[in-house]
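*Asks:* Please find the sequence and the predicted model below.
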Amino acid sequence: MFKRLAETGAAVAITVDGRQIAARAGDTVAAALIAAGIDHCRTTPVSGAPRAPYCLMGVCFECLVTVDGVGSRQGCLVPVRDGMAVETQTGKREAGR
Amino acid sequence: MTKASDLAPSYDLVVIGGGPAGLAAAALAARAGLTTVLFDENPGVGGQIYRAITFSPVKDRAVLGEDYWAGAELAAEAKASGALIVTGATVWSLDPTRLVGVSIAGQARLIEAKRVIIATGSLERPFPVPGWTLPGVMSAGGAQTVLKAQGLVPNGKTVLAGGGPLMWLLAAQILRAGGKIDAVLDTTPRKNWLRALAHLPDFVLSPYFAKGLKLLREVRAKVRVIRVDRLEAVGDDKLREVVFGKGDNERRMPADLLLLHQGVVPNVNLALAAGVAHAWNERQLCFEPVLDEDFNSSVPGISVAGDGAGIAGGTAAAERGRIAAIAAVRALKPEASVPDLQIVRQKLQREAMGRAFLDWLNRPADSFRQPEGDTIVCRCEEVTARQVRDTADLGCEGPNQMKAFLRCGMGPCQGRLRGLTVTELIAAQRGTTPAEVGYYRLRPPVKPITLSELASLPIAEAERKAVER
Amino acid sequence: MAASDFDVAVVGGGLVGVATAWGLAREGCRVVVLDEGDRAVRASRGNFALVWVQSKGLGLPEYAGWTIRSSNAWGGFAQTLKEETGLDVAFQRPGGFHLALSGKELEARANILKRLHNQPGIVDYKTEIMDRSQVAKMLPDIGPEVVGGSFCPLDGHVNSLRLFRTLHTAIKARGVTYLPSHRVETITKEGGEFRLATAQGEIRAGKVALAAGNANMRLAPMVGLEAPMKPERGQIVVTERLRPFLNHPVVTLRQTDEGTVMIGDSKEESIDPAGLTLGVSATEAERAVRLFPLLANVNVVRTWSAIRVMTQDGFPIYDESETHPGAFTICCHSGVTLAANHALTVAPMIARGALDTSLVAPFSARRFHVQATG
């Protein structure tokens, strides 16, 4: 869906559901998912429908993901960091993570 | 990186939001000697209009345009002013005593402020069409954000739909960046011209006229523009095609990405939670705070500047921020020297030229604001238009009772993305006005914080006793 | 009488009012519900949704029996509502806990239960004190500070907001007239009928049932009744939706059928419905994390404060007027727990025109005078 205009910025290695993703310094988690062509980042806790980042400005809460073991983080507000482990969320969050 | 524990217990001025209004306000106030802190929840300052202004990877200045790069000066001024600028800081509470609840990296603090300037800007008006929750459907503002901040450009089968200046600007920016757009679906009703026409002379004299025409020409030269009065995103697990039409004519177009936009509205959540009085703006079809000429709200010491005070654009936002900051300086440090208020007011007045025309011309159609049937209204709780309409028929007169009945507005976004739709739907169904119906009553946290963050806040003995009995 | 627009006017469109209205409609009455608007101070939007038995009745043992009657009727009530509306209010009665975070708290709890059970005439509702290991068998996620608690198998909970919507749906289906933004200003009785004045005009009805929560205090004297109230504010913290982890409601913390966790319960004298005391929310959050440490990182998505409907002694008031026959009060704190009673027991009494003293005599407001003089 999207391509990078220029491969600027230092490479940052993150994993998404265990898979290596080439992110760039300056990416948010949500932007990195979009750049990597990942379709959806979660399924809803209500109907289980797939959702993807929508507003990218902290308003819609569609880009909720688990970051380094902590669930329901707003992916569009969290900058990527080397070694970060991102997991897509399925339905309701599990208490305790 | 500023940590929550680094913050002082109190500041003269807390500015919430680092867009043009917040940056200009913080710079002016700090330079006049107020202890000033600016909080922004994003990784960098600039707000949406100047998103990533300090680190954008888009180096070709022509792509985003000179209006974007004008933000660099604001950011530099704020940085040099001595104001403490904290990014990654989410303000989740503001009360009428100006106690500010803020979280930074998972740590919550309560900060006292003598004055508060809310500069939380605008957000895109909800665009509830069938299928708008599918992956592959994104807000135009979202696409613009990843263009500015990460240099991401659409390169698949891309459709833009909606109307308003920002949609056309984004189309031009995508094209300049070498991105691809298969079609622009213009949803603005042609009859809008009737209301807009009276304001045409004013518009022609404004800078928007020349800029707007140039932008439209630039986009139309490269992309098909189709006027539509129906729009639907279709797909199973993600967007496959866009269905649209006008009158009896229906067309389908395969698409990977549908970008939606029908204008912006003030982001009112924090001001509402603080108890600021709001009123319905019929021209702009949104709620906005009730403010005096210095942008003071109904709550003493709290002002609202920028597009959060009513949509007026980025340049006006900075001037509004300055006016609010001058008021704060005069209240707290009358001896300090500040810019000439009259000059700032004149600049602001000039910015208002042409806005009425744009507002009336780009007014979104009723059908795109008041959906029917199974179209989802509340994305978090997956409440449909039919449910809202049926519940209004039960005698449900307003959004608060509606929220209790259907949970719409109870999800994590707290109604930001459907509040207006719910209010307008109730008004339509009950034959009344949005002003009559009103808006959600909001309480902290206006953005989610963790239970342990909440638990870490100071607790007075009486407060503990209110629970442990 | 025949000229009246309605057989009964129910004043108040909260849970107590609509449960009563539904019961009246089932008895064949023509019913109107007069309610305030969207921003009304409304306990029905702010309750904790327990159908709760343990600890009820200290000071008035008949209240325990009345509560158990409703708890026992709740299953059938929920089923009937589901048949009529298709909506499931998610009533469950798995038994509920009161948890203690210190030996002192557990001791205080045991004391209350002992005093409660030592009252003459009290029904036995089998509440037992459990130690930590017993509790842990049923609530495996309790934190290390939990020393024990009390458990009552009759305790349960419901989705109270869905109950609210369901009752509104059900009364509409049964032809009840619901009039929002009809705050009742005055009530008079003329020519054998009640006249209720609102800003939107006058409503006439043969009988009137006052179910207006704390506002009964203002309305009851207009028809020769009294409702001494003592409103107080409570705050609740709500989390995002979580996978099920809690099989039993705790009196201050429960997981809804939708997955959210509701955390209560505070008591403040303030009756400003718009206000919220952050330190109170913080205390609730802190205790919640101590009770269930796995909640520490969970997101709070909402808090709310609401004004409790509370009579001066905490027990319900059901009365009929001697000076204005046909006028009734229905006043109570536990509008969820007692909803089944209001719908299935009290409403038929009002439809017949006389309260059944064998059931509700102990709840007359006359008790306040006995206490005052005795």
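*Replies:* Everything's here; your move.
*Asks:* Most proximal residue of chain B with respect to chain C?
*Replies:* B:G398 (2.5 Å; CB to the nearest CB). For glycine as for every other residue, the C-beta is placed from the backbone atoms N, C-alpha and C.
*Asks:* Now for that residue: which residues touch it?
*Replies:* B:423, B:426, B:437-438, C:37-39 (CB atoms under 8 Å, 6 or more residues apart in numbering or on different chains).
*Asks:* closest to chain A among those?
*Replies:* B:T423 (17.1 Å).
*Asks:* Give me the pLDDT value at the nearest residue to A:R4 once chain neighbours are set aside.
*Replies:* Nearest non-adjacent residue to A:R4, counting by CB to CB, 6 or more residues apart in numbering or on different chains: B:G151, 5.7 Å away. Note for B:G151: predicted pLDDT of 96.
*Asks:* go on, C:K104?
*Replies:* The per-residue pLDDT reported for C:K104 equals 96.
*Asks:* what comes up buried for whichever strand or helix holds it?
*Replies:* Take DSSP states H and E as the rule and C:K104 turns out to sit in helix C:103-117. Applying a neighbour-count criterion of 16 or more other CB atoms under 10 Å in any protein chain shown, one finds C:105-106, C:109, C:112-113, C:116-117 buried in helix C:103-117.
*Asks:* before we move on, back to that, can I assume the residue nearest to A:R4 is in contact with B:V63?
*Replies:* No: B:G151 is beyond contact range of B:V63, at 9.0 Å (criterion: CB atoms under 8 Å).
*Asks:* mind showing which ranges of chain C have poor pLDDT?
*Replies:* C:1-3, C:371-374 (pLDDT under 70).
*Asks:* And the helices in it?
*Replies:* With DSSP state H as the criterion, chain C has helices at C:15-26, C:61-85, C:103-117, C:132-138, C:160-173, C:216-219, C:278-291, C:339-341, C:347-352, C:357-360, C:367-373.
*Asks:* Just send the ones you listed back as JSON lines, with distance to chain A too.
*Replies:* Formatted as JSON lines, the helices of chain C follow (distance: least, CB to the nearest CB, whole Å):
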{"stretch": "helix C:15-26", "distance to chain A": "25"}
{"stretch": "helix C:61-85", "distance to chain A": "20"}
{"stretch": "helix C:103-117", "distance to chain A": "24"}
{"stretch": "helix C:132-138", "distance to chain A": "16"}
{"stretch": "helix C:160-173", "distance to chain A": "14"}
{"stretch": "helix C:216-219", "distance to chain A": "38"}
{"stretch": "helix C:278-291", "distance to chain A": "11"}
{"stretch": "helix C:339-341", "distance to chain A": "26"}
{"stretch": "helix C:347-352", "distance to chain A": "34"}
{"stretch": "helix C:357-360", "distance to chain A": "42"}
{"stretch": "helix C:367-373", "distance to chain A": "45"}
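*Asks:* Might you report the residue contacts of the closest residue in space to A:I14 that isn't next to it in sequence?
*Replies:* Excluding its sequence neighbours, the residue lying closest to A:I14 (CB to CB, 6+ apart) is A:M84, at 4.3 Å. Contacts for A:M84 (CB under 8 Å, 6+ apart) come out as A:12, A:14-15, A:29, A:67-68.
*Asks:* With B:G314 instead?
*Replies:* Here B:G314 is in contact with B:19-20, B:47, B:49-50, B:67, B:71, B:307 (CB under 8 Å, 6+ apart).
*Asks:* what kind of secondary structure is A:I21 in?
*Replies:* Per DSSP: H, G, I helix; E, B strand; the rest coil, the secondary structure class of A:I21 is strand.
*Asks:* isn't it right up against A:I14?
*Replies:* Yes: between A:I21 and A:I14 a contact is recorded at 5.3 Å, counting by CB under 8 Å.
*Asks:* joint contacts of the two?
*Replies:* A:32, A:86.
*Asks:* that older thread, which other helices and strands does the helix holding C:K104 contact?
*Replies:* Helix C:103-117 sits against strand C:96-100, strand C:128-131, strand C:148-152, with contacts defined as 3 or more CB pairs under 8 Å, 6 or more residues apart in numbering or on different chains; DSSP states H and E.
*Asks:* That helix versus strand C:148-152: what angle between them?
*Replies:* If you take axes from the mean of the first three to the mean of the last three CA atoms, to 10 degrees, helix C:103-117 sits at 30 degrees to strand C:148-152.
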